[in-house]
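> Next input, structure requested:
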Amino acid sequence: MSATFASSSLIKLEIVRTLRNKRFMFFSVIYPSVLFLIISGPASKTAKVPHTDLTMQLYYLVAMASFGALTAVLMGNSERIAKEREKGWTRQLRLTALPGHGYVIAKIASAATVTLPTIVVVEVVAAAVKDVRMQAWQWVALTVAIWAGSLVFAALGVAIGYLASGDAVRPLTMIIYFALSILGGLWMPSTIFPTWLQNIAKWLPTHPYAALGQAIEVGHAPHLRDVLVLAGYLVVFAGGAAWLYRKDTRKA
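You can find the predicted model right below:
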């Protein structure tokens, strides 16, 4: 069995397993849409987020779509990998033609694939229930930007899954998950933070991640700085995941 075939087979297996997990699909697909309706509900259509050109509906459309994608790739990847390590599944994979980098790529790709339903459902709810309107190219670009950005957090999920044991992975992931969500501006606009906290938040990966979609919503291309920051995080997280995988392999 070739390495390419092994990688593609693992990707398909991971996607099917994720889609069959009803609890996971609820919290990653339905829950963000419910939060969007709750948080943006009281705001008028013309109410602007402080120090931005975005209405509350537009802001939380990107925020909750990004939050759902973050939930899908970070929470799902880290806990699943830690459990697979405990059960010996990853040791079995090492007996196949699948190389180490193929395993990491397969995990990142499969996790990112299942974020699409999350993003699309939030967008549909925003358009149908809250009457959010944008041009066709903006909807397409928004979907692509949020999906592509989720690769960063998929890589982080793989790294955490190999960094922590089965007992420690959930609390560690939850701390990182909530810190990135809150400080990155997904739950509340970072523009309301004190200046010192804003300076910290803008270097977290979730801040430029949300900024990609926010730029598109106001008709602009994503800022180069945001793209470069996310690309840097992707290299660090993916490299860390590959290193931790090899380290775990040497222990076995």
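> My guess is Arg85 contacts Tyr245. True?
No. Using CB atoms under 8 Å, Arg85 makes no contact with Tyr245, being 10.1 Å away. In short, each C-beta sits where N, CA and C put it, glycine included.
> Next, show the common contact partners of those two.
Overlap of the contact sets of Arg85 and Tyr245 (by CB atoms under 8 Å, 6 or more residues apart in numbering) consists of Tyr162.
> Thr118: how many residues sit nearby?
Neighbourhood size, Thr118 [other CB atoms under 10 Å]: 30.
> Likewise for the one 3 residues further on?
Applying other CB under 10 Å, we find 19 other residues in the vicinity of Val121.
> Please export the C-alpha coordinates of whichever strand or helix holds it as CSV.
Assigned by DSSP states H and E, Val121 falls within helix 115-129. Output of helix 115-129 as CSV, limited to C-alpha atoms (Å, rounded to 0.1, in the frame of the first residue of the first chain):
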residue,chain,number,x,y,z
THR,A,115,-15.4,22.6,9.5
LEU,A,116,-17.3,23.5,6.2
PRO,A,117,-20.7,22.5,7.6
THR,A,118,-20.0,24.7,10.7
ILE,A,119,-19.2,27.7,8.6
VAL,A,120,-22.0,27.3,6.1
VAL,A,121,-24.7,26.8,8.8
VAL,A,122,-23.7,30.0,10.6
GLU,A,123,-23.8,31.9,7.3
VAL,A,124,-27.2,30.4,6.3
VAL,A,125,-28.7,31.3,9.7
ALA,A,126,-27.2,34.8,9.5
ALA,A,127,-28.8,35.4,6.1
ALA,A,128,-32.1,33.7,6.7
VAL,A,129,-32.8,34.8,10.3
